[in-house]
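**Q** Whatever this is, show me its structure:
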Amino acid sequence: MPFAKKVTGEFTKHSDPKLVDRIAADMANAPPEVAIPAMESLLNYDEAAALARVTIPVRLLNADHFPTDLAAARRHKPDVELTVMPHVGHFLMAEDPEEFTRLLARAVRELTRPVPTP
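**A** Just a heads-up that it's a prediction; the model follows:
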């Protein structure tokens with residue numbers, strides 16, 4: 001199966017076909033010295049261990065195309081919060097940049113507001 005066909009699984013039926021084609025072409029044309037180590041790193045990444053090492057609150061902004069196991073995340077990091085964007089795939093920031101920016105700004109405001117003193 002050609003690489004571009006595999007990449008399309010990262011998108012939804014709502015995704016802009018031009019965006020899908022552009023991202024698939026970018027990924028297919030990545031230099032092997034960049035792409036191979038990136039994929040190896042991704043395949044060996046331990047999400048649970050990484051999440052457990054984080055010492056600040058975590059806000060996830062994920063697509064509904066791939067389910068997020070919030071309960072599993074909270075076993076490693078109780079203060080994880082999740083916001084799900086509908087009708088987007090892996091490249092949510094490119095598929096709906098306005099909504100992504102709005103939700104990201106909301107998370108930043110929430111995480112940077114002053115903590116009340118006792």
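
**Q** which residue ranges form the strands in the protein?
**A** 58-63, 80-85 (DSSP state E).

**Q** which of the residues in the last one are buried?
**A** Within strand 80-85, the residues that qualify as buried by neighbour count (16 or more other C-beta atoms under 10 Å) are 80, 84, 85. From N, CA and C alone the C-beta is placed, and that goes for glycine too.

**Q** The strands of the chain into a markdown table, with extra columns for mean pLDDT and distance to residue 112?
**A** Listed next are the strands of the chain as a markdown table, based on pLDDT from 0 to 100; distance: least, C-beta to C-beta, whole Å:
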| stretch | mean pLDDT | distance to residue 112 |
| --- | --- | --- |
| strand 58-63 | 95 | 11 |
| strand 80-85 | 95 | 14 |
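
**Q** could those be laid out in CSV, adding distance to residue 93?
**A** Compiled in CSV, these are given as follows (distance: least, C-beta to C-beta, whole Å):
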stretch, distance to residue 93
strand 58-63, 9
strand 80-85, 9
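
**Q** Go through those strands and name the closest to residue 40.
**A** Closest to residue 40 of the strands of the chain is strand 58-63 (C-beta to C-beta; 23.5 Å).

**Q** Low-confidence regions, the protein specifically.
**A** The chain contains residues with pLDDT under 70 at 1-6.

**Q** got the contact list for the spatially most central residue of it?
**A** When C-alpha atoms, centre = their mean is applied to the chain, the residue found nearest the centroid is residue 62 (5.4 Å). Residues near residue 62 by C-beta atoms under 8 Å, 6 or more residues apart in numbering: 68, 82, 83, 84, 85, 92.
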